[in-house]
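1. fold the following, please.
(one chain, ligands or ions: 1)
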Amino acid sequence: MSIIFDNVTYTYMPGTPYQRTAIQNINVTIRKGEFIGIIGHTGSGKSTLVQHMNGLIAPTSGQVTIDGIDLKSKAKEARDARRRVGMVFQYPEHQLFEETIYQDIAFGPKNLGLPDEETDSRVRRAMDFVGLDYETFKDRSPFNLSGGQMRRVAIAGVIALEPDYLALDEPAAGLDPRGRDEIFGQIVKLHEKTGITVILVSHNMEDVARFASRVLVMNGGQISLDGQPLEIFSTGRQELEAAGLAVPPLTALVDKLKAKGLPLSNRHLTAHDVASEIAAAIRGPKHAE
Ligand SMILES: Nc1ncnc2c1ncn2[C@@H]1O[C@H](COP(=O)(O)OP(=O)(O)OP(=O)(O)O)[C@@H](O)[C@H]1O
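-> Residues are numbered from 1 along each chain as shown. Down below sits the predicted model:
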């Protein structure tokens with residue numbers, strides 16, 4: 001069970017003066033249950049890559065398959081496969097439009113033709129996952145909420161479709177630190193409880209180091225690094241900098257982690273330790289955790 005990119009290249013507006021190849025010869029397998037972070041400089045191809053995952057755009061050449069099904073196919077099974085990937089875009093709250101929070105979250109399941117009872121239980125489960133109390137919020141307008149709450153409603157709408165894969169493009173963009181923590185806390189909880197595969201695009205290396213068990217670094221439309229957070233943020237440092245990404249000094253961190261005898265393959269310890277050390281390096285010794 002996986003999403004497989006087989007030699008995928010995508011060119012915007014081919015044959016025009018504006019032609020632009022955004023991703024090139026991408027070969028990557030996203031296995032079920034992974035929590036993948038995708039980082040890279042502006043314009044490196046992150047969004048283009050992610051939009052292939054639910055067939056929103058189709059490769060100019062190469063193939064994307066989900067659980068063995070070619071997404072480009074017109075067959076019903078390909079449509080079903082595309083639905084297995086929930087997509088949360090930047091500022092998803094801009095897509096809220098119903099009068100109540102309930103109606104907004106129920107929109108997707110209803111559109112799938114699910115019976116009211118099933119729709120209702122999905123709305124309840126989705127609200128629970130994003131930490132919105134059903135009775136308190138169901139009849140409220142989605143437009144009288146804080147930025148973080150609005151975003152949670154939007155994410156609940158995607159979760160209510162019960163996808164196997166969840167791709168999020170900068171889900172915390174524009175939120176304050178509390179809002180960021182809320183959103184990421186809910187995503188991590190969802191991942192841990194349901195085993196949903198998460199693909200997280202972010203400019204924020206701290207977030208990626210904290211939550212992802214695998215990191216892909218995009219540079220010039222290609223995947224220049226693919227590995228565990230500790231490898232990427234330490235040994236991959238030169239490549240990160242070549243990709244225009246500023247990385248806090250980590251040599252000391254790596255030595256420290258090695259001295260602690262942390263198993264480099266332990267994803268929780270590794271990712272969490274890297275994150276808190278990065279946070280400490282950024283904030284300075286005064287606020288070190
Ligand atoms: N709709 C489009 N039409 C033409 N070119 C596009 C389009 N969308 C993206 N591009 C170009 O494709 C390349 C990759 O863009 P993409 O949005 O995938 O990068 P990104 O890494 O997600 O960037 P950001 O971090 O700014 O969101 C860029 O050069 C961009 O200008």
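2. list the contacts of residue 97.
-> By C-beta atoms under 8 Å, 6 or more residues apart in numbering, the residues touching residue 97 are residue 104. For every residue, glycine as well, the C-beta is placed using N, CA and C.
3. how near is it to the ligand?
-> Per C-beta to the nearest ligand atom, to the nearest Å, residue 97 is found 23 Å from the ligand.
4. check residue 124 too.
-> From residue 124 to the ligand the distance is 34 Å (C-beta to the nearest ligand atom).
5. name the nearest residue to residue 202, sequence neighbours excluded.
-> residue 208 (5.4 Å; C-beta to C-beta, 6 or more residues apart in numbering).
6. which element is the residue of the stretch 151-289 of the chain found nearest the ligand on?
-> Evaluated by C-beta to the nearest ligand atom, the stretch 151-289 of the chain has residue 218 as its residue closest to the ligand, separated by 6.0 Å. For residue 218, the element it lies in under DSSP states H and E is strand 214-219.
7. list the buried ones in the next helix or strand after that strand?
-> Following strand 214-219 in sequence order, the next helix or strand is strand 222-227 (DSSP H and E). Counting neighbours by 16 or more other C-beta atoms under 10 Å, one finds that the buried residues in strand 222-227 are 223, 224, 225, 226.
8. quick one, what contacts the residue nearest to residue 146 when sequence neighbours are not counted?
-> Nearest non-adjacent residue to residue 146, counting by C-beta to C-beta, 6+ apart: residue 179, 7.2 Å away. Counting by C-beta under 8 Å, 6+ apart, residue 179 touches 146, 147, 148, 151, 172.
9. gap between residue 179 and residue 133?
-> Residue 179 sits at a distance of 18 Å from residue 133 (criterion: C-beta to C-beta, to the nearest Å).
10. ok so, going back, double-check that the residue nearest to residue 146 belongs to a helix.
-> Yes. Checked against DSSP: H, G, I helix; E, B strand; the rest coil, residue 179 lies within a helix.
11. export the host helix or strand of residue 125 to CSV, keeping only CA atoms.
-> Using DSSP H and E, residue 125 sits within helix 116-129. Extracted C-alpha coordinates of helix 116-129, given in CSV (Å, rounded to 0.1, in the frame of the first residue of the first chain):
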residue,chain,number,x,y,z
ASP,A,116,-27.3,10.7,6.9
GLU,A,117,-26.5,8.4,9.7
GLU,A,118,-23.0,7.7,8.4
THR,A,119,-22.5,11.3,7.5
ASP,A,120,-23.4,12.3,11.1
SER,A,121,-21.0,9.8,12.7
ARG,A,122,-18.2,11.0,10.4
VAL,A,123,-18.8,14.6,11.3
ARG,A,124,-18.7,13.7,15.0
ARG,A,125,-15.5,11.7,14.6
ALA,A,126,-13.8,14.4,12.5
MET,A,127,-14.8,17.2,15.0
ASP,A,128,-13.4,15.0,17.8
PHE,A,129,-10.1,14.5,16.0
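12. who's residue 64 bridged to?
-> With DSSP bridges as the criterion, residue 64 is bridged to residue 5.
13. for the strand or helix carrying residue 240, packing partners?
-> Following DSSP H and E, one finds residue 240 within helix 237-242. With contacts defined as 3 or more C-beta pairs under 8 Å, 6 or more residues apart in numbering; DSSP states H and E, the packing partners of helix 237-242 are strand 214-219, strand 222-227.
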